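Structure for this input, please:
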Amino acid sequence: MRDLLRIALDLYFYAIIVWVILSWVPVTPGHPVTRFQYALGRIIEPVLRPIRQLLPPIRMGAAALDLSPIVLIFLVQILRRLV
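Numbers count the residues shown, from 1 in each chain. Model prediction:
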């Protein structure tokens, strides 16, 4: 059971990394990657929402830096070490 949970946390960790990288790449709506990005977002966004409420994006002029994925990565790694 512990190994299964570790594998799930590892997969979630990599899903966050892939989701962040894909968020930097502009993808047209009809592109096949769009479905994959949407599926990852449905898994990751609900967990990021409460973190974003506690830690809103940092404004830097016209841009904003969202630190919530970094916080989520740290939390996933802490959970993995506890398991």
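
Distance check, the residue nearest the centre of the chain against Thr28.
Nearest to the mean C-alpha position of the chain, by Cα atoms, centre = their mean, lies Ile16 at 3.4 Å. Distance from Ile16 to Thr28, counting by Cβ to Cβ, to the nearest Å: 24 Å. In short, each C-beta sits where N, CA and C put it, glycine included.

likewise Ile44?
21 Å.

Which one of those two is surrounded by more residues?
For Ile44 and Thr28, the more surrounded residue by other Cβ atoms under 10 Å is Ile44, and the numbers stand at 19 against 7.

Enumerate every residue touching that one.
Shown in contact with Ile44 (Cβ atoms under 8 Å, 6 or more residues apart in numbering): 15-16, 19, 69, 72.

Save those as JSON lines, and put in distance to Pro32 and pLDDT too.
Shown next, in JSON lines, are the contacts of Ile44 (distance: Cβ to Cβ, whole Å; pLDDT from 0 to 100):
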{"residue": "Ala15", "distance to Pro32": "17", "pLDDT": "97"}
{"residue": "Ile16", "distance to Pro32": "21", "pLDDT": "97"}
{"residue": "Trp19", "distance to Pro32": "16", "pLDDT": "95"}
{"residue": "Pro69", "distance to Pro32": "23", "pLDDT": "96"}
{"residue": "Leu72", "distance to Pro32": "26", "pLDDT": "97"}
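
In terms of helices and strands, where is the residue nearest to the centre of the chain?
Using DSSP states H and E, Ile16 sits in helix 2-24.

Ok, Glu45 next?
Going by DSSP H and E, Glu45 is in helix 32-54.

who's in contact with whichever helix or strand comes after that helix?
Once helix 32-54 ends, the next helix or strand along the chain (criterion: DSSP H and E) is strand 58-60. Residues outside strand 58-60 that contact it (Cβ under 8 Å, 6+ apart): 64-65, 67.

Would you mind listing the buried residues in the host helix or strand of Ile70?
Using DSSP H and E, Ile70 sits in helix 68-82. Using 16 or more other Cβ atoms under 10 Å as the test for burial, helix 68-82 gives 68-69, 72, 76, 80.
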